[in-house]
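next input, structure requested:
(chains A and B)
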Amino acid sequence: KAGVTQTPRYLIKTRGQQVTLSCSPISGHRSVSWYQQTPGQGLQFLFEYFSETQRNKGNFPGRFSGRQFSNSRSEMNVSTLELGDSALYLCASSQEGNEQFFGPGTRLTVL
Amino acid sequence: GQNIDQPTEMTATEGAIVQINCTYQTSGFNGLFWYQQHAGEAPTFLSYNVLDGLEEKGRFSSFLSRSKGYSYLLLKELQMKDSASYLCAVRGRGFQKLVFGTGTRLLVSP
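Below you'll find the predicted structure:
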């Protein structure tokens, strides 16, 4: 089985711009979660989608949003980028109740 | 609130045994996970505990005590490739939200 894939792998944006990141889960996995990883804060939960519905949301501002499509692929969007949004964004997929499998991440740099 | 604590850094020698501790305080509990993350790579799943006791998987074992809010990851016969960050994560009741600790960076020296 192919693993979780994320595109793009690297991205450079400037303050004020917006960005869309994509995640394709492992085939058969319907749950997709997004995390932000920074050196100081570690891995922080953004949100989780299951069957196109957001089931859970972390403590991030409304500039961070996401969606899931009928084929379980997911996207997250960050609007009005700030310098502090520079981070590794990780997507993880799972079958209900089981461990999460992480993708390689998208490294976002905001200048 | 939710809080997960683990040591920031540990060092050990090749061939030795190391124990990485994790304590947690969460509003709900539905399992504890350990992940390994090498620098520049994604976290990879190591172990899962939902009931008290020890789970063994090759050179890696994980222990859980729910009453004490405590877990540890035990790595035996350390190898240089075990140098990585080890992340403790707790899942609350329902769904798939994982709360992660900041990770323990393990350095294995010859």
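
so which bits of chain B are right by chain A?
Selection of chain B residues close to chain A by C-beta under 8 Å from any C-beta of the partner chain yields B:33, B:35, B:41-45, B:48, B:87, B:89, B:95-103. No exception for glycine: its C-beta is placed from N, CA and C like everyone else's.

give me the below-cutoff pLDDT ranges for chain A.
A:1 (pLDDT under 70).

if you set the cut-off to 50 instead, what comes out?
Counting by pLDDT under 50, not a single residue of chain A qualifies.

for it, which residues are neighbours of chain B?
By C-beta under 8 Å from any C-beta, the residues of chain A that approach chain B are A:31, A:33, A:35, A:41-45, A:48, A:50, A:55-56, A:58, A:90, A:94, A:99-105.

picking that back up, of the residues of chain B next to chain A, just the buried ones, ChimeraX syntax please.
Buried residues among these (16 or more other C-beta atoms under 10 Å in any protein chain shown), as a ChimeraX selection:
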select /B:33,35,42,43,45,48,87,89,95,96,97,98,99,100,101,102,103
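
now the strands: where do they sit in chain A?
Along chain A, counting by DSSP state E, strands occupy A:5-7, A:10-13, A:19-24, A:31-38, A:42-50, A:53-57, A:64-68, A:74-78, A:87-94, A:101-102, A:106-110.

dump the ones you listed to a markdown table, plus mean neighbour count and distance to B:S71.
Formatted as a markdown table, the strands of chain A follow (neighbours: other C-beta atoms under 10 Å in any protein chain shown; distance: least, C-beta to C-beta, whole Å):
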| stretch | mean neighbour count | distance to B:S71 |
| --- | --- | --- |
| strand A:5-7 | 16 | 29 |
| strand A:10-13 | 13 | 34 |
| strand A:19-24 | 19 | 28 |
| strand A:31-38 | 23 | 20 |
| strand A:42-50 | 22 | 17 |
| strand A:53-57 | 14 | 22 |
| strand A:64-68 | 19 | 30 |
| strand A:74-78 | 20 | 30 |
| strand A:87-94 | 24 | 20 |
| strand A:101-102 | 22 | 20 |
| strand A:106-110 | 18 | 30 |
